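Enquirer: this is a predicted model, with the sequence first.
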Amino acid sequence: MQFEAPSKPLAVDDLLLLPEQEVHAEIGINWVLDREIPKGGYVRILAESLLWEEHLGTTRIRTTEGLTTCMEPHRGWTIASSSWNFLRKRWLDRKQELITVIQEETKRTEEKEEAGYRSKSPTWSILRALQKINKAKRLEGEAVMSAPPFFQSAGRGDLKIWIEDDGPTVVVWESLLESEQKQWSKKIGKSKDWVVWCRSRKKDEGQRLFEIDGKEIFSNRSKQARL
């Protein structure tokens with residue numbers, strides 16, 4: 001008779017408890033979120049969400065309840081605060097340029113979603129699976145705000161989202177404009193270290209360039225991947 005192996009309590013993987021202590025710190029008054037955490041750790045439960053405001057020149061950026069908003073009338077946008085914090089550390093001294101790019105990318109994304117693109121966009125789980133095929137380092141496609149951070153570099157056409165790298169690539173085909181699709185097709189030459197995520201080709205559509213050099217590795221009625 002086989003017996004079940006001894007199980008490990010889930011509590012073993014829990015973080016260590018912070019000791020109870022008196023810390024005379026009020027968030028936003030005598031201690032703010034970008035300062036060093038008080039020695040020994042610090043937990044404070046608040047009744048209302050905090051409003052975090054920063055100024056980049058004359059531009060006001062507000063973060064609250066997990067969303068970051070640019071308050072400029074002609075460059076306004078709202079994205080996930082996690083995306084903003086990730087991008088701002090990679091654009092460093094180009095934050096004003098980043099604000100403009102996000103505004104343009106937000107408008108572009110809205111137009112593509114109205115055309116039904118969101119239903120064709122791969123999830124992060126799918127992108128991770130595609131990444132493992134050739135140990136991809138680069139993502140070609142998607143918007144600045146939605147490009148997943150687990151790729152070493154990301155871009156789309158002439159737009160460099162972060163870091164320039166010509167290594168193994170995952171391509172999200174429908175997120176590219178026709179001109180960007182042609183640009184990428186010329187760029188890859190005879191290389192084979194890429195995977196394309198795309199919709200299945202309709203019967204009356206001509207063969208796409210990557211289909212000539214690649215081979216199909218997965219297909220269903222609505223989605224298709226080639227390597």
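Expert: Now that the structure is in, tell me what you want to look at.

Enquirer: what's the domain layout of this protein?
Expert: The chain breaks down by automatic domain parsing into domains covering 18-114, 118-226.

Enquirer: redo those domains as a markdown table? Include mean neighbour count, distance to residue 9 and mean pLDDT.
Expert: Where C-beta positions appear, they are placed from N, C-alpha and C, glycine not excepted. Shown next, in a markdown table, are those (neighbours: other CB atoms under 10 Å; distance: least, CB to CB, whole Å; pLDDT from 0 to 100):
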| stretch | mean neighbour count | distance to residue 9 | mean pLDDT |
| --- | --- | --- | --- |
| domain 18-114 | 13 | 20 | 84 |
| domain 118-226 | 16 | 28 | 83 |
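
Enquirer: strands of the chain, start to end?
Expert: For the chain, the strands defined by DSSP state E cover 52-56, 59-64, 67-70, 77-80, 138-140, 153-156, 159-162, 169-172, 194-198, 216-219, 224-226.

Enquirer: would you turn those into a markdown table with distance to residue 107?
Expert: Below are the strands of the chain laid out as a markdown table (distance: least, CB to CB, whole Å):
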| stretch | distance to residue 107 |
| --- | --- |
| strand 52-56 | 20 |
| strand 59-64 | 18 |
| strand 67-70 | 13 |
| strand 77-80 | 9 |
| strand 138-140 | 21 |
| strand 153-156 | 15 |
| strand 159-162 | 14 |
| strand 169-172 | 19 |
| strand 194-198 | 24 |
| strand 216-219 | 32 |
| strand 224-226 | 29 |
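
Enquirer: longest helix anywhere in this protein?
Expert: helix 95-114 (DSSP state H).

Enquirer: what angle do it and strand 52-56 make?
Expert: 120 degrees (axes from the mean of the first three to the mean of the last three CA atoms, to 10 degrees).

Enquirer: hey, what's residue 155 bridged with?
Expert: Beta bridges link residue 155 to residue 140, residue 160 when assigned by DSSP bridges.

Enquirer: pretty sure it sits against residue 169.
Expert: No: using CB atoms under 8 Å, residue 155 makes no contact with residue 169, being 9.6 Å away.

Enquirer: any shared contact partners between the two?
Expert: Taking CB atoms under 8 Å, 6 or more residues apart in numbering as the contact definition, residue 155 and residue 169 share the neighbouring residues 138, 139, 140.

Enquirer: what is the nearest of those residues to residue 209?
Expert: For the shared contacts of residue 155 and residue 169, the residue nearest residue 209 by CB to CB is residue 140; the value is 13.9 Å.

Enquirer: what about that closest one, distance to residue 199?
Expert: Per CB to CB, to the nearest Å, residue 140 is found 16 Å from residue 199.
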